[in-house]
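3D, please:
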Amino acid sequence: EGMTVVPISCQSEGALEVFIEPVQPAPRLVVVGRSPMAQTLTGLAQVLGWRTALVDGPDFSAADADEYSLVVVATQGHGDEEAVEQAAAARPAYLGLVASQRRGEAVRGYLADRGLPADQLDRVKAPAGLDLGRTSHKEIAVAILAEMTATRHGIAAPDWEAKEKSRFAPSACEVAPQKV
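Numbers count the residues shown, from 1 in each chain. Just a heads-up that it's a prediction; the model follows:
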């Protein structure tokens, strides 16, 4: 009842192939701070087509981010605690702090003493980005962008501690002599 049968005369016998390409919104990156690394990170993300916002530390609030945002706090010791606290309140998909491991632990400790819940503190990635050792601000920006991209795709960051201290064997970087 209410259905009409229409016979078709095609070779596929009614089979239909459907191709679906999901269209996902561009990631939204909020970078807190005005350092050269923050500016580089914002620029690189824009090249990838990400929506970006570069916000000065004192101007940042939880309203600047949401649960789909990727937030990087790069205030370099000038209001780190307040920026991380505001960012954690938004519960972003990624929250990274550009700081040393020691500084990150100090910020987490301070925020724990202020009563920030442990589940929010555990989400703060400090230091932000893949561990590439001592690098330039541009390489730090690339490392952070790589980690956020991996996070977006559900890929865990590599465990550098399990690898040798020297990431590249000298022989791997040398060019083999060519016979002429």
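
show me the helices in the chain, by range?
Taking DSSP state H, the helices of the chain run over residues 36-47, 80-90, 101-113, 118-121, 137-152, 170-173.

which residues of the chain score low on pLDDT?
Where the chain drops to pLDDT under 70, the residues are 1, 8, 13-14, 157-180.

what count of nearby residues applies to Thr4?
Using other Cβ atoms under 10 Å, the number of residues around Thr4 comes to 4. C-beta: built from backbone N, CA, C; applies to glycine.

scratch that, Ala88
Neighbours of Ala88 (other Cβ under 10 Å): 22.

swap in Val98?
Val98: 28 neighbours (other Cβ under 10 Å).

in stretch 132-144, what's buried?
By 16 or more other Cβ atoms under 10 Å, the buried positions in stretch 132-144 come out as Glu139, Ile140, Ala141, Val142, Ala143, Ile144.

between those residues, which sits nearest Cys10?
Nearest to Cys10 among these is Val142, at 51.9 Å by Cβ to Cβ.

so the closest one sits right up against Leu44, yeah?
Yes - counting by Cβ atoms under 8 Å, Val142 does reach Leu44; the two are 6.8 Å apart.

Val55 and Ala63 touch, don't they?
No - the pair Val55 / Ala63 is not scored as a contact, 10.8 Å apart, by Cβ under 8 Å.

which one of the two has more residues nearby?
Under the criterion of other Cβ under 10 Å, the comparison of Val55 against Ala63 puts Val55 first, with 18 against 9.

go ahead and flag the most central residue of this structure.
Centre of the chain computed as the mean C-alpha position; nearest residue by Cα atoms, centre = their mean is Met148, 1.9 Å away.

need the residues that contact stretch 58-66.
28, 30, 32, 53, 55, 71, 79, 83, 86-87, 89-90, 92 (Cβ atoms under 8 Å, 6 or more residues apart in numbering).
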